[in-house]
Every structure is written in C-alpha cells, then in structure tokens.
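>>> Return atomic coordinates for the entry below.
(one chain, ligands or ions: 1)
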Amino acid sequence: MGVQLFGADPERLGEAARQVIDWVSPDFIDINFGCPANKVVCRNGGSSLLRDRPLLERVADAVVKACAPLPVTAKIRIGWDANSVNAVETARLLEGVGVTRIAVHGRTRAQGYSGNADWEVIAAVARSVSVPVIGNGDISCAEDALLRRQCGVSGLMIGRAAMSNPWIFTEIKCAFAGEPYSPPTLADRWEFILRHAREETARRGELHGMRGMRGRLMAYTRGLPGGRHLRGELAGVSTLAALEELGRSHLEGVASGALQQVAV
Ligand SMILES: Cc1cc2nc3c(=O)[nH]c(=O)nc-3n(C[C@H](O)[C@H](O)[C@H](O)COP(=O)(O)O)c2cc1C
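I've put the predicted structure just below:
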C-alpha cells in the first residue's frame with residue numbers, strides 16, 4: 001500500500017511524508033504531479049509543477065531524502081499543455097533524484113480527461129529512463145491492456161474502468177496468461193456491491209457510509225440490465241436494507257425476464 005501526497009513546499013512535503021510513514025507504515029510514498037483539479041493546481045500542487053520543473057525536482061528530492069530508505073514513486077502527466085509536453089525531461093529529473101518508479105498518465109493537464117491518452121509519449125518515457133515506468137490512460141478492457149503492454153512499460157495503471165468494473169484486473173491477468181476469463185454473473189455483482197456497502201456502513205455508520213457509496217453504486221451499475229431505471233432508484237436509497245431490497249428485486253426482475261440481460 002502506498003500513500004500519495006501532493007504539494008509544492010519541499011520541506012513541508014518531506015515532513016508530511018515522514019509523518020505519514022510513522023502513522024500508517026506504507027510500503028511506499030507516491031508524489032502526485034498529475035492532478036489537474038483547480039483546487040490542487042491553484043496551490044501549485046499536482047500537475048502545476050510540470051510548469052516549474054526546478055521546483056518539481058526540489059519537491060521530489062526533499063521527499064526522497066525524508067523517506068529514505070522507503071521508496072518514493074511519482075505520478076505525472078505528459079505535460080501542462082500540448083505546447084509543453086515534457087514527460088521525458090520530467091521523468092529524467094525524477095529518476096535523477098532517486099524516484100524508484102514513475103507512472104505516466106498520457107494526457108496533458110489542459111486535456112483534463114478529454115481526448116485520448118498519448119501512448120507514444122508514454123513509450124518515449126519508458127525508453128528514456130531505467131526505472132520502471134507504469135503507463136496509464138484509457139485502458140478499459142483486456143484488449144487495451146494487451147495492446148498497451150507493447151509500449152515497453154513495466155506496468156499498467158487503470159483508473160476509471162476499475163470504478164465500474166473492478167474485475168478488470170482479473171480479466172487482464174487471464175488475458176496475459178492466455179487463460180479463459182469468466183465474467184462475474186449478475187448475482188456475483190450484487191454480492192460484491194452489497195459487501196462493499198456493508199463494509200462501508202460498518203466503517204462509517206449508515207448515514208455517511210451510504211452517502212459515500214452513492215458514486216460507487218452509480219459506477220457499479222453501469223451496463224447492468226435496466227441500469228438507467230436502477231440508477232434512478234439508487235439515487236433515493238439511504239439505508240443498507242433498502243439497497244439489499246433493491247438488489248433482490250433487480251435480480252428477480254432479470255431472472256423473470258422483466259428486465260433483459262445484457263452483456264456488461
Ligand atoms: C474521480 C477520479 C479521481 C482521481 N484521483 C486521483 C488521485 O487521487 N491520484 C492520482 O494519481 N490520480 C487520480 N486520478 C487519475 C487516475 O489515476 C488516472 O490517471 C486517470 O483516470 C487516467 O486513467 P484511466 O483512463 O484509466 O481512468 C483520478 C481520476 C478520477 C476519474
């Protein structure tokens with residue numbers, strides 16, 4: 001388990017990393033140089049430092065020194081905007097100060113999540129540094145992963161697709177091993193959804209737990225039969241019992257043929 005930090009003050013971020021290490025004993029610390037969110041960028045955090053690489057280098061150096069011997073990794077985007085794509089140079093700086101792995105999201109900050117991830121730049125980074133490079137962006141199925149692993153990267157990182165399909169990792173592992181993959185049944189999916197909700201409510205209480213689950217429920221039910229109607233109903237669910245009941249009636253509706261089964 002790694003803990004990710006962002007910030008633009010080398011000394012304070014180093015101190016934060018030390019406190020996190022004492023607090024949760026992570027296996028590694030990751031520095032986020034990729035976040036595009038305004039609330040992070042306006043404080044010079046996340047992808048903002050891609051525009052100020054001397055400061056990015058000082059931040060990474062301070063965190064590496066503060067964490068030693070614990071490994072420090074970094075996540076970057078390919079640049080601030082299309083006119084300043086600088087992932088190769090950024091990766092070299094990070095490697096130079098002792099960052100042990102670099103994850104690259106193949107978009108610029110200006111792109112946000114629009115357009116496509118540029119895997120050519122990711123491949124160029126993988127060729128330019130000797131630390132492992134993890135490619136990230138737009139992998140949504142095993143075929144994407146099979147294609148992207150040819151880019152010379154040491155690993156793949158999956159974001160959004162895992163939020164609606166957490167089984168994607170098994171699917172990809174099967175594809176890499178040349179083994180058949182059996183996708184989860186609808187009953188498996190509901191069992192998983194309810195387990196997540198039960199653990200979340202046990203941890204945070206029913207009110208906050210169910211509120212926190214809302215986004216997850218919307219993602220998990222993408223592509224399910226009658227999904228749109230289901231999501232309308234989920235929006236009003238605030239107790240675990242109501243969610244369990246909704247799961248039961250959805251499974252019954254599909255089994256009885258009232259809702260058509262579709263491939264997810
Ligand atoms: C809701 C959301 C939250 C994210 N939070 C983080 C984060 O805290 N740290 C991070 O490094 N990336 C974060 N990302 C970016 C993803 O890790 C990933 O780089 C991006 O979604 C592109 O990969 P994908 O096409 O597989 O989704 C977030 C993405 C989304 C959609």
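>>> drop to CA atoms for contacts and neighbour counts, all remaining ones
Noted.
>>> The ligand contacts on the stretch 151-264 of the chain?
158, 159, 160, 161 (Cα under 6 Å from any ligand atom).
>>> Which ones among the residues you listed map onto strands?
Per DSSP state E, strands hold no members of those.
>>> Most neighbours among these, which one?
residue 158 (19 neighbours; other Cα atoms under 10 Å).
>>> Flag the shaky bits of this protein, pLDDT-wise.
Applying pLDDT under 70 to the chain flags residues 260-264.
>>> Which parts of it are strands?
Using DSSP E, the strands of the chain run over 2-5, 28-33, 72-79, 101-108, 133-136, 155-157.
>>> could I get those as a markdown table with distance to residue 145 and mean neighbour count?
Putting the strands of the chain into a markdown table (distance: least, Cα to Cα, whole Å; neighbours: other Cα atoms under 10 Å) gives the following:
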| stretch | distance to residue 145 | mean neighbour count |
| --- | --- | --- |
| strand 2-5 | 23 | 17 |
| strand 28-33 | 23 | 24 |
| strand 72-79 | 19 | 27 |
| strand 101-108 | 14 | 27 |
| strand 133-136 | 10 | 26 |
| strand 155-157 | 7 | 16 |
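>>> Now distance to residue 11 too, for these, in JSON lines please.
Listed next are the strands of the chain as JSON lines, based on distance: least, Cα to Cα, whole Å:
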{"stretch": "strand 2-5", "distance to residue 11": "13"}
{"stretch": "strand 28-33", "distance to residue 11": "14"}
{"stretch": "strand 72-79", "distance to residue 11": "15"}
{"stretch": "strand 101-108", "distance to residue 11": "22"}
{"stretch": "strand 133-136", "distance to residue 11": "26"}
{"stretch": "strand 155-157", "distance to residue 11": "29"}
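>>> Tell me which of these lies nearest to residue 258.
Between residue 258 and those, the tightest spacing by Cα to Cα is seen for strand 155-157, at 38.1 Å.
>>> which outside residues touch the closest one?
103, 132, 133, 134, 135, 136, 137, 145, 148, 149 (Cα atoms under 8 Å, 6 or more residues apart in numbering).
>>> what do you get if the cut-off is 10 Å, keeping everything else the same?
Contacts of strand 155-157 with the rest of the structure, by Cα atoms under 10 Å, 6 or more residues apart in numbering, involve 101-105, 132-139, 145, 148-149, 169.
>>> Return the residues in contact with residue 111.
So residue 111 contacts 36, 79, 80, 81, 82, 117 (Cα under 10 Å, 6+ apart).
>>> out of the residues you listed, which are buried?
36, 79, 80, 81, 117 (16 or more other Cα atoms under 10 Å).
>>> Let me know the distance separating the spatially most central residue of the chain from residue 220.
Taking Cα atoms, centre = their mean, the centroid of the chain lies closest to residue 159, which sits 3.4 Å from it. For residue 159, the distance to residue 220 equals 14 Å [Cα to Cα, to the nearest Å].
>>> Between the two, which contacts overlap?
In contact with both residue 159 and residue 220: residue 166, using Cα under 10 Å, 6+ apart.
>>> Can I get the helix ranked longest in the chain as PDB, trimmed to CA atoms?
Longest helix of the chain, by residue count under DSSP state H: helix 186-204. In PDB, the C-alpha atoms belonging to helix 186-204 read as follows (Å, rounded to 0.1, in the frame of the first residue of the first chain):
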ATOM      1  CA  LEU A 186     -25.300 -10.500 -12.100                       C
ATOM      2  CA  ALA A 187     -25.600 -12.300  -8.700                       C
ATOM      3  CA  ASP A 188     -21.800 -12.000  -8.200                       C
ATOM      4  CA  ARG A 189     -22.100  -8.300  -9.000                       C
ATOM      5  CA  TRP A 190     -24.800  -7.700  -6.400                       C
ATOM      6  CA  GLU A 191     -22.900  -9.800  -3.800                       C
ATOM      7  CA  PHE A 192     -19.900  -7.600  -4.400                       C
ATOM      8  CA  ILE A 193     -21.900  -4.300  -4.300                       C
ATOM      9  CA  LEU A 194     -23.600  -5.300  -1.100                       C
ATOM     10  CA  ARG A 195     -20.400  -6.400   0.500                       C
ATOM     11  CA  HIS A 196     -18.900  -3.000  -0.300                       C
ATOM     12  CA  ALA A 197     -21.900  -1.300   1.100                       C
ATOM     13  CA  ARG A 198     -21.900  -3.400   4.300                       C
ATOM     14  CA  GLU A 199     -18.200  -2.700   4.900                       C
ATOM     15  CA  GLU A 200     -18.600   1.000   4.200                       C
ATOM     16  CA  THR A 201     -21.600   1.300   6.600                       C
ATOM     17  CA  ALA A 202     -19.800  -0.700   9.300                       C
ATOM     18  CA  ARG A 203     -16.800   1.600   9.000                       C
ATOM     19  CA  ARG A 204     -18.500   5.000   8.700                       C
END
